[in-house]
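Student: I'll drop the sequence and a predicted model, then ask my questions.
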Protein chains: 2
Amino acid sequence: MDSIAISGVGLIGGSFGLALREAGFGGEIVGVSSPKTIEKAVARGIVTRGVSIDEAARRDLLFLAQPVSGIIATLKTLSATGAAPALVTDAGSTKQAIVEAAQGLPLFVGGHPMAGKELRGVEAAEAHLFRGRPWLMTSEPPPALRHWIEAIGATITLLTPLEHDRLVALVSHAPQLISNAIAAATRDKRSFGGPGLESMTRLSRSSYDIWSDILSTNPKEVVAALDQILDEISRLRDGVAKGDTEVLKASFSADSP
Amino acid sequence: MDSIAISGVGLIGGSFGLALREAGFGGEIVGVSSPKTIEKAVARGIVTRGVSIDEAARRDLLFLAQPVSGIIATLKTLSATGAAPALVTDAGSTKQAIVEAAQGLPLFVGGHPMAGKELRGVEAAEAHLFRGRPWLMTSEPPPALRHWIEAIGATITLLTPLEHDRLVALVSHAPQLISNAIAAATRDKRSFGGPGLESMTRLSRSSYDIWSDILSTNPKEVVAALDQILDEISRLRDGVAKGDTEVLKASFSADSP
């Protein structure tokens, strides 16, 4: 693998470039992003220059790290223009809609690095973002791609697109909406909350820009995950109502083995 | 106010002592706690010595900072023995059961400093714990008590015991149980979660020792608060199911004014 193109040089795309460099990748890395972002990414040594998506498609690997709707749009453009990149992978937060949109490509491996932080943009990119983190993939990646993902410290787990979307609905999408719900219910009483309430409402300050795509491409699994957590909350609610100390006590040791 | 007794010299009781000293309180501060805790509290300059509850009751102010069941037990002991401390206040997390148990005392003002941190015990006590934090009280405190609470940086808000229990059920008790529920639902998938899931499950690692008392003395309001948040979650669930982007978008700006 001699040349890589990153489409969407933000937190994830930029961190992927920095991580590759630190892991010893010696080939060229080019980027597809706005001129302003490319300027910052070049200054940080993440990419050597900005290119069009057509030119990016001629690299050995095209890594799509835009928001979900951007990834789907790029996949459709690539299919429509008959551009046939050797290998395309992505970092989108949902996988069923993306894998569906990639049907026309010669070789697409859906991916989702389970890493992130509160800050966004290329300014926040860091070489160690993926270290020790899971990298979910929808099919076995070619050896060269597996090599570099492992070289930057991530651990690959294979899941079908449906299994992926179910998992992230439970560990990410449903908790996000529950944070929003708690924020709404406590809105005018926030000043009386302590660090616990802050912890439970922090996610509600996330940007809808990103979540809009996620929720619209994974509604069924998000509803199922919310129902699962709602059941669990209702069980504890009934435990409080009935004074069932066993149920309540057990819920406090949920983290214990 | 020349002498103060603190019963339960842990995080809250210990911090109260340190804060009083820093604010210039020159009188004696004695403590009621286990010999081990008293030893540490004396070493940190929080109390001058350990005393019995009978002796503590003869101080100008008796501050009860045990867990809720300990506070209730102490109040019953004081009533039963006919000890009549001049002024008793507390730091318990629920107020209806405590104020009820204090009926037999000459002057009791229920209190609840909305401050805390993850660590417990006198080792974690700090002089600035109450600075900028609300201190809820169930009736107007005598001027000397108001003076010292304000001197240590807290802001007094008066609420009836019922209003208090409703408020804390919503901003503290219900969010705690929701964290437990999310932890239970994601238990075997935690390694795939990111910092968002960590934020939403952090509280589930709290100690049941403290929560047992809180939940058993405030069940009705906790159930009502959970129902309120459950309604809010269900509204978002339906928004996802129907693709109602307005409802979803608005939930992400719950923190905005």
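Tutor: Looks like it came in fine.
Student: measure A:Gly132 to chain B for me?
Tutor: Using C-beta to the nearest C-beta, to the nearest Å, A:Gly132 is found at 10 Å from chain B. Just so you know, the C-beta spots here come from the backbone N, C-alpha and C atoms, and that holds for glycine as well.
Student: contacting residues for that residue?
Tutor: Counting by C-beta atoms under 8 Å, 6 or more residues apart in numbering or on different chains, A:Gly132 touches A:153-155.
Student: out of those residues, which are buried?
Tutor: Among these, those that count as buried by neighbour count (16 or more other C-beta atoms under 10 Å in any protein chain shown) are A:153-154.
Student: can you give me the helices for chain A?
Tutor: In chain A, the helices defined using DSSP state H lie at A:11-22, A:35-43, A:53-56, A:68-81, A:96-101, A:143-151, A:161-168, A:174-185, A:195-201, A:208-216, A:219-242, A:245-252.
Student: now, of the ones you listed, which is deepest in the fold?
Tutor: helix A:174-185 (a mean of 26; mean count of other C-beta atoms under 10 Å in any protein chain shown).
Student: from what I can see A:Ser69 touches A:Leu215, true?
Tutor: No: shown here, A:Ser69 and A:Leu215 do not form a contact pair, counting by C-beta atoms under 8 Å, at 11.5 Å.
Student: who in the stretch 51-200 of chain A is up against chain B?
Tutor: A:114-118, A:133-134, A:136, A:157, A:167-168, A:170-172, A:174-187, A:189-197, A:199-200 (C-beta under 8 Å from any C-beta of the partner chain).
Student: swap the cut-off to 6 Å and go again
Tutor: Counting by C-beta under 6 Å from any C-beta of the partner chain, the positions of the stretch 51-200 of chain A adjacent to chain B are A:114, A:116, A:134, A:167, A:170-171, A:175, A:177-178, A:180-187, A:189, A:192-194, A:196-197, A:199-200.
Student: would you list the phi and psi of the residue nearest to A:Ala84 when sequence neighbours are not counted?
Tutor: Leaving aside its sequence neighbours, A:Ala84 sits nearest to A:Pro106 (C-beta to C-beta, 6 or more residues apart in numbering or on different chains; 5.3 Å). Here is the backbone geometry of A:Pro106 (degrees, to the nearest 10): phi -60, psi -50.
Student: ok, A:Pro106 to A:Ala86 distance?
Tutor: Here the criterion is C-beta to C-beta, to the nearest Å. By it, A:Pro106 lies 7 Å from A:Ala86.
Student: what sits against A:Leu167?
Tutor: By C-beta atoms under 6 Å, 6 or more residues apart in numbering or on different chains, the contact list for A:Leu167 reads B:Phe192.
Student: go on, the one 10 residues further on?
Tutor: A:Leu177 makes contacts with B:Leu236, as judged by C-beta under 6 Å, 6+ apart.
Student: do that again at 7 Å, thanks
Tutor: A:Leu177 sits next to A:226, B:233, B:236 when contact means C-beta atoms under 7 Å, 6 or more residues apart in numbering or on different chains.
Student: again with A:Arg202
Tutor: A:179, B:199.
Student: most centrally placed residue in chain A?
Tutor: A:Ser93 (3.9 Å; C-alpha atoms, centre = their mean).
Student: how many neighbours does A:Gly110 have?
Tutor: 27 (other C-beta atoms under 10 Å in any protein chain shown).
Student: higher neighbour count, A:Pro106 and A:Ala86?
Tutor: A:Ala86 (14 against 9).
Student: report the separation between that one and A:Ile29.
Tutor: A:Ala86 is 16 Å from A:Ile29, by C-beta to C-beta.
Student: ditto for A:Arg237
Tutor: Distance from A:Arg237 to A:Ile29, by C-beta to C-beta: 52 Å.
Student: can I get stretch A:179-189 as PDB, trimmed to CA atoms?
Tutor: Presented in PDB, the C-alpha positions along stretch A:179-189 are these (Å, rounded to 0.1, in the frame of the first residue of the first chain):
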ATOM      1  CA  SER A 179     -28.900  12.200  27.900                       C
ATOM      2  CA  ASN A 180     -31.000  14.600  25.800                       C
ATOM      3  CA  ALA A 181     -34.100  13.500  27.700                       C
ATOM      4  CA  ILE A 182     -32.600  14.000  31.100                       C
ATOM      5  CA  ALA A 183     -31.300  17.500  30.000                       C
ATOM      6  CA  ALA A 184     -34.800  18.400  28.800                       C
ATOM      7  CA  ALA A 185     -36.500  17.100  32.000                       C
ATOM      8  CA  THR A 186     -34.100  19.000  34.300                       C
ATOM      9  CA  ARG A 187     -33.700  22.100  32.100                       C
ATOM     10  CA  ASP A 188     -34.800  24.800  34.600                       C
ATOM     11  CA  LYS A 189     -33.300  23.000  37.600                       C
END
